[in-house]
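1. Need coordinates for the following:
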Amino acid sequence: MGKIRIAIAGVGNCASSLIQGIGYYKALKNDGIEKSSGLMHYNLGGYLPGDIEIAAAFDIDVRKVNKPLKEAVFARPNCTKVFYRDLPDYPVKVQMGEILDGMAPHMVDYPDDRKFIAADEKPCDVAKVLKESGADMLLNYLPVGSEEATRYYVRACLEAGTALVNCIPVFVASDGEWVERFEARGIPLIGDDIKAQVGATIIHRTLAKLFMDRGVEIKHTYQLNVGGNTDFLNMLNHGRLKSKKISKTEAVSSQITHRLNGDNVHIGPSDYVPWMDDNKVCFLRIEGHGFGDVPMNLELRLSVEDSPNSAGVVIDAIRCCKIAKDRGLGGALLSPSAYFMKHPKVQFSDEQAREMVEEFINNKREG
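-> Numbers count the residues shown, from 1 in each chain. Okay, here's the model as predicted:
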């Protein structure tokens, strides 16, 4: 099937976990071991994890810009678990992107291993780099709240003819104007805001649907998340959270079949705890009324490593995006977006979205 060449905007924890994972599964394959543990698909439409290559990378932090990719993914403030360090010597150095709103001002005030330190470099021409690198697609891993910076990279993709997998809650694949522009150019688009493999959102969605299917009326629900990575540090600025809260709330509310007042649904990041590093803890509660209007409630605590949890889904989104490109499809891909993302253009149940993705992979359904 050939290779899949990806570019990455934002060489943070999520990028680190993804790149480690590509190396991990490729090394197993080279040792004659086809290990699918930890993957939703080992072989997806003929593409294996090791078929993914890094064509280009962009960041704005001095500890990453102009550094070889294999060094940058382990540079601070990255703090995700290292499960595969023996990365190849990628012929890629991290290039300087446009800063715009890609960093929260308060992040310059933290200790050196946590703070944002801007590189004193001239930004590269991202569209030109995408063209010259031969990247099939760009992964948007910018910090939550990077509205202007995301739009800059989206325009670069349109100019370069590069597909986009939008992993953050800035609305592109769920925005009609952007979708029309990608359709007009025949460029595939998956988004918005990646669901983790087994994370807070998909568990919350699954439980909410279970309550509905079993006839229990949900009265109140919350999802509170705390963690210690730079994503949580960035989100201490509540001004950057508007789209994140919309994305997470709609992802859950879409599974509740009766109208629930906004005051009775609270979903979003709650606090930053530095020593937790890339660990994320979710506290989830659902209160409902069952048979005879008798009340019941459910409480759950989930602890995960945030970035590998994300990478386990992104690795499938990448391969679905490449399949779409191989087939000449453009615009927002309905089924991959519905299954892999919190805020797709159209919401489906996860069970239905999964069936749609399998049909898409097997060429029985268009994007």
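
2. When you work out contacts or count neighbours from here on, use the C-alpha atoms and nothing else.
-> Fine.

3. Going along the chain, name the strands of the stretch 151-300 of the chain.
-> If DSSP state E, counting those that start in this stretch is used as the criterion, the strands of the stretch 151-300 of the chain fall at 163-166, 188-190, 217-227, 265-272, 279-289, 295-305.

4. Could you look over those and pick the most buried one?
-> strand 188-190 (a mean of 31; mean count of other CA atoms under 10 Å).

5. roughly how far is it from the heart of the chain?
-> Averaging C-alpha positions (CA atoms, centre = their mean, to the nearest Å) puts strand 188-190 13 Å from its chain's average.

6. and it, which strands flank it?
-> If you go by DSSP bridges, strand 188-190 pairs up with strand 163-166 (parallel), strand 331-332 (parallel).

7. and the ones you listed as TSV, adding distance to Arg205 and mean pLDDT?
-> Putting the strands paired with strand 188-190 into TSV (distance: least, CA to CA, whole Å; pLDDT from 0 to 100) gives the following:
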stretch	distance to Arg205	mean pLDDT
strand 163-166	21	98
strand 331-332	22	98
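
8. what about these, which gets the closest to Asn362?
-> Of all the strands paired with strand 188-190, it is strand 331-332 that lies closest to Asn362, at 18.4 Å by CA to CA.

9. which outside residues touch whichever helix or strand comes after the closest one?
-> Proceeding C-terminally, strand 331-332 gives way to helix 334-340 as the next helix or strand, assigned by DSSP states H and E. Contacts of helix 334-340 with the rest of the structure, by CA atoms under 8 Å, 6 or more residues apart in numbering, involve 190-192, 194-195, 313-314, 317, 320, 343-348, 350, 353-354, 356-357, 360, 367.

10. ok, Met137 - how many residues close by?
-> The local packing count at Met137 equals 27, with neighbours defined by other CA atoms under 10 Å.

11. is it true that it touches Glu53?
-> No. Between Met137 and Glu53 there is no contact under CA atoms under 8 Å: 11.0 Å.

12. what do the two both touch?
-> With contacts taken as CA under 8 Å, 6+ apart, the residues that reach both Met137 and Glu53 are 5-6.

13. Buried only: go through the contacts of helix 334-340 for me.
-> Buried positions within the contacts of helix 334-340, assessed by neighbour count (16 or more other CA atoms under 10 Å), are 190-192, 194-195, 313-314, 317, 320, 343-345, 347-348, 350, 353-354, 356-357, 360, 367.

14. what's the average pLDDT for stretch 87-98?
-> Averaging pLDDT along stretch 87-98 yields 96.

15. Can you give me the buried ones in it?
-> Residues of stretch 87-98 classed as buried by neighbour count (16+ other CA under 10 Å): 87, 92-98.

16. Export those as CSV, with columns for secondary structure and distance to Ile203.
-> As requested, the buried residues of stretch 87-98 are arranged in CSV below (DSSP: H, G, I helix; E, B strand; the rest coil; distance: CA to CA, whole Å):
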residue, secondary structure, distance to Ile203
Leu87, coil, 33
Val92, coil, 37
Lys93, strand, 38
Val94, strand, 35
Gln95, strand, 37
Met96, strand, 37
Gly97, coil, 35
Glu98, coil, 36
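
17. Helices of the stretch 101-250 of the chain, start to end?
-> Under the criterion DSSP state H, counting those that start in this stretch, helices of the stretch 101-250 of the chain are mapped to 126-133, 147-160, 176-185, 200-213, 230-234, 242-253.

18. Out of the contacts of helix 334-340, list just those in strands.
-> Among those, the members found in strands (DSSP state E) are Ile190.

19. ok, back up a step: save the strands of the stretch 151-300 of the chain as TSV, and put in distance to Ile4 too.
-> Conversion of these to TSV gives the following (distance: least, CA to CA, whole Å):
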stretch	distance to Ile4
strand 163-166	12
strand 188-190	14
strand 217-227	32
strand 265-272	33
strand 279-289	30
strand 295-305	26
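
20. Apart from its chain neighbours, what residue comes closest to Cys282?
-> Closest residue to Cys282 in three dimensions, ignoring its sequence neighbours and counting by CA to CA, 6 or more residues apart in numbering: Asn225, at 4.5 Å.

21. which residues sit in contact with that neighbour?
-> Applying CA under 8 Å, 6+ apart to Asn225 gives the contacts 268-271, 280-283.

22. likewise Asp51?
-> 2-4.

23. for these, which one is nearest Ile22?
-> Here the nearest of the contacts of Asp51 to Ile22, counting by CA to CA, is Ile4; it sits at 11.6 Å.

24. thought that closest one was touching Lys322?
-> Yes. At 6.8 Å, Ile4 and Lys322 qualify as touching, with contact defined as CA under 8 Å.
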